[in-house]
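Q: show me the folded form of this:
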Amino acid sequence: MARRIYKIEDIDDYQNRLTENQAQLLIEHCNKYQIKPEICAWYDNMKDFYSDWCNINDLNFTKEDARSRFEEGKETGEFKVFASGEIVRLVY
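A: Okay, the predicted model is just below:
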């Protein structure tokens, strides 16, 4: 099966907040993991991530469970962390 090569034009950033550098890094990430560059969530930092995941739909993940889920998602490519600390979650 041929590998899909994504381009910057393929990015779906619902908040339109990617910098040019972030867009390039995201495309490299998506091509590495073969994940469509469709952002479904933006987090300013880990504190913002925890505030969402530890309260999402009243599931109330513990901080440890949320962190574990985050680490798993980084390994699969679901999450991309930028040098600024911002995190995007891709539709996976």
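
Q: and stretch 77-88, how far from the chain's centre?
A: The chain centre lies 6 Å from the centre of stretch 77-88; the measure is C-alpha atoms, centre = their mean, to the nearest Å.

Q: what's the distance between the closest residue to residue 3 other than its chain neighbours and residue 61?
A: Nearest residue to residue 3, sequence neighbours excluded (C-beta to C-beta, 6 or more residues apart in numbering): residue 34, at 6.3 Å. Every C-beta, even on glycine, is put in place using the N, C-alpha and C of the backbone. Taking C-beta to C-beta, to the nearest Å as the measure, residue 34 falls 27 Å from residue 61.

Q: more neighbours, the two?
A: residue 61 (16 against 12; other C-beta atoms under 10 Å).

Q: give the contact list for that one.
A: 53, 54, 69 (C-beta atoms under 8 Å, 6 or more residues apart in numbering).
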